[in-house]
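Colleague: give me a model of this one.
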Amino acid sequence: TNRSVQVITSENSQTISYQEYRNLIKNKNEYDFIYDDLIHRFYKKDHPSIPSGRYEVGVAIIRYIAQSSFNCTSSEIAANIGKNPSSVRQAKQRINTNLFPDLIHSIHKAGYSFNNDVKWMVLIERV
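Modeller: This next block holds a predicted model:
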């Protein structure tokens, strides 16, 4: 098909074909954390996958941080995903507590970013 996927990792960002995506996801244990927007699942290394449905705001935050080239404040994220800053802060805490420990760092006044010690990947279908 003509589908393509944006692959954003802790190292870089690129767009690949859907077939390349299918091959890439087979090697998912190379990463500590993956969010796959195509099938709405989270992957943690050596754990069963987790449906993303219970993390609607968290998914938006993960996508936004992955696509940003700078640290993002809760107010900036909230404005871009249509939520209030307290919802962003609560969702960030829920991600770090229930989904993946310390995935999102909160740098005082500089905003949120992914933890540099985590090898992460976010997969988003390009339309």
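Colleague: backbone dihedrals for the residue nearest the centre of the chain, both of them.
Modeller: What sits nearest the mean C-alpha location of the chain, by Cα atoms, centre = their mean, is residue 62, with 3.5 Å. Phi and psi for residue 62, reported as degrees, to the nearest 10, are phi -60, psi -50.
Colleague: shift numbering so it begins at 738
Modeller: Fine by me, first position is 738 from now on; the one you just mentioned is residue 799.
Colleague: show me what the lowest-mean-pLDDT helix or strand in the chain is packed against.
Modeller: Within the chain, no helix or strand scores below strand 841-844, which has a mean of 88 by mean pLDDT, DSSP states H and E. Applying 3 or more Cβ pairs under 8 Å, 6 or more residues apart in numbering; DSSP states H and E, one finds that strand 841-844 makes contact with helix 793-804, strand 848-851. C-beta here means a position set from N, CA and C on the backbone, and glycine is covered the same way.
Colleague: okay, the angle between the next helix or strand after the first one and helix 793-804?
Modeller: Later in the chain than helix 793-804, the nearest helix or strand by DSSP states H and E is helix 811-818. Our comparison of helix 811-818 with helix 793-804, counting by axes from the mean of the first three to the mean of the last three Cα atoms, to 10 degrees, yields an angle of 100 degrees.
Colleague: what does helix 811-818 contact?
Modeller: Applying Cβ atoms under 8 Å, 6 or more residues apart in numbering, the external contacts of helix 811-818 come out as 794, 797-798, 801-802, 820-826, 829, 848-849.
Colleague: please pick the buried ones from those residues.
Modeller: 794, 797, 798, 801, 802, 820, 824, 825, 826, 829, 848, 849 (16 or more other Cβ atoms under 10 Å).
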